[in-house]
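**Q** one predicted model, sequence on top.
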Amino acid sequence: MIEVRNIKKGFDELEAVQGINLHIKKGSIYGLLGSNGAGKTTLLKMIAGIYKQDSGEILISGEPIFENVQWKQRIIFLADSLFFFPNSTIKQAAQFYKSMYVNWNEERFQSLKDVFNIDVNKKVHRLSKGMQRQVSFWLTLSTMPDILILDEPFDGLDAVMRQKVKNLLVQDVAEREMTILISSHNLREVEDLCDQVGILHHGQLRIEKDLDDLKSDVHKIQVAFKQEVPAVFLHGFDILYKEERGSVRLYIVRGKQDKVTSHIDTFHPVLFDILPLTLEEIFIYEMRDVGYAIENILV
Ligand SMILES: Nc1ncnc2c1ncn2[C@@H]1O[C@H](COP(=O)(O)OP(=O)(O)OP(=O)(O)O)[C@@H](O)[C@H]1O
């Protein structure tokens, strides 16, 4: 559905996005992760048709997105900093969205009142940051977008509201195959949402994988032996990190769990644990692997 082919974008001397390819399937949730300044927002703005790429192509269902009025009515980009017209009430903001988006669904807007529970006559500017975020989701979901692009979407929402919003998003994906592209530094929040993740660093896509594959492919190992074991005992495995704590060795390795386990068992360890990593841990170790200094934060 979304096809990004070798796109580049620079600002003066800086190459913010350096030849990125992405393929995002209809009805999927794609998580775009990355270090600060990696180029995530720039990439999202190009996919939303707000910025024009310097080179390469962005196609949505085969059509270029930039200045594509038809598609722009069906895509919403929810930025990290929200914009509402000064002094407008929720009701007035809804009227504006209704005039802009052909698929505005008044029934949905009314039914979401029960979820967000904010008086529509309130001026948006007088609401708290989290309540303004709620209003932005309320309006966005009422436009019934085909593609939803979210930049730090949960910022300011309390835990209950985050869960409610996530449920609404998943429901739209399941019921009408909405496609979501989401960028967030809060990896715990996106971990249970995404089907696929891409990790960006210095304007390049370093890793792109199905989340399940990414998680089943990296393990934390704690192991101890009675006597010295040959240094080669983990040869053949892709070690992302290693550390010795007394007699216990800690390894972060890439590889299939059964292969790693059966190999280590042959050395008869006195202690051996193999644990899954959270998305946040995988992100930290993978970033280290691409040269992002992470010393002193590992636990
Ligand atoms: N309008 C602009 N003019 C000049 N430089 C820009 C502009 N927008 C972004 N940049 C630069 O491009 C690079 C990528 O910025 P971008 O906002 O895309 O990163 P990001 O991955 O979203 O970062 P963060 O996680 O910190 O929000 C940064 O070095 C930034 O300073």
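**A** All right, it came through fine. Numbers count the residues shown, from 1 in each chain.
**Q** quick check: buried residues in the helix or strand containing I20?
**A** Secondary structure from DSSP states H and E places I20 in strand 14-24. For strand 14-24, a neighbour-count test (16 or more other Cβ atoms under 10 Å) marks A16, V17, Q18, I20, L22, I24 as buried. For every residue, glycine as well, the C-beta is placed using N, CA and C.
**Q** and stretch 230-243, by the same measure?
**A** Buried residues in stretch 230-243 (16+ other Cβ under 10 Å): F233, L234, F237, L240, Y241.
**Q** what do you get for stretch 164-173?
**A** K164, V165, K166, L168, L169, D172, V173.
**Q** list of residues touching it?
**A** Stretch 164-173 is contacted by residues 27-29, 112, 115, 134, 137, 141, 148, 153-154, 157, 178-180, 189, 192-193 when judged by Cβ atoms under 8 Å, 6 or more residues apart in numbering.
**Q** ok, back up a step: filter the buried residues of stretch 164-173 by proximity to the ligand?
**A** Contacts with the ligand are made by none of those, judged by Cβ under 6 Å from any ligand atom.
**Q** any chance of a markdown table for the residues you listed, columns pLDDT and secondary structure?
**A** What follows is the buried residues of stretch 164-173, written out as a markdown table (pLDDT from 0 to 100; DSSP: H, G, I helix; E, B strand; the rest coil):
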| residue | pLDDT | secondary structure |
| --- | --- | --- |
| K164 | 95 | helix |
| V165 | 96 | helix |
| K166 | 95 | helix |
| L168 | 96 | helix |
| L169 | 97 | helix |
| D172 | 97 | helix |
| V173 | 97 | helix |
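**Q** out of the residues you listed, which comes closest to S88?
**A** Among the buried residues of stretch 164-173, V165 lies closest to S88 (Cβ to Cβ), at 21.8 Å.
**Q** I'd like to know how far the closest one sits from the ligand.
**A** 20 Å (Cβ to the nearest ligand atom, to the nearest Å).
**Q** what's the answer for I180, then?
**A** 17 Å.
**Q** that residue in helix, strand or coil?
**A** strand (DSSP: H, G, I helix; E, B strand; the rest coil).
**Q** sorry, back to before: quick check, nearest of the buried residues of stretch 230-243 to the ligand?
**A** L240 (22.3 Å; Cβ to the nearest ligand atom).
**Q** next one, pLDDT for that closest one please.
**A** pLDDT, L240: 85.
**Q** the chain should start at 847 in everything you say after this.
**A** That works, and once the first residue is 847, the last one we named lands at L1086.
**Q** just checking, it is part of a strand?
**A** Yes: using three-state DSSP, the assignment for L1086 is a strand.
**Q** find the nearest non-adjacent residue to D1135, please.
**A** L1086 (5.5 Å; Cβ to Cβ, 6 or more residues apart in numbering).
**Q** so the one you found sits against D1063, correct?
**A** No: the pair L1086 / D1063 is not scored as a contact, 10.7 Å apart, by Cβ atoms under 8 Å.
**Q** L987 versus N949, what's the distance?
**A** As judged by Cβ to Cβ, to the nearest Å, N949 and L987 stand 11 Å apart.
**Q** between those two, which one's more packed in?
**A** Remark: of N949 and L987, L987 carries more neighbours, 23 against 12, as counted by other Cβ atoms under 10 Å.
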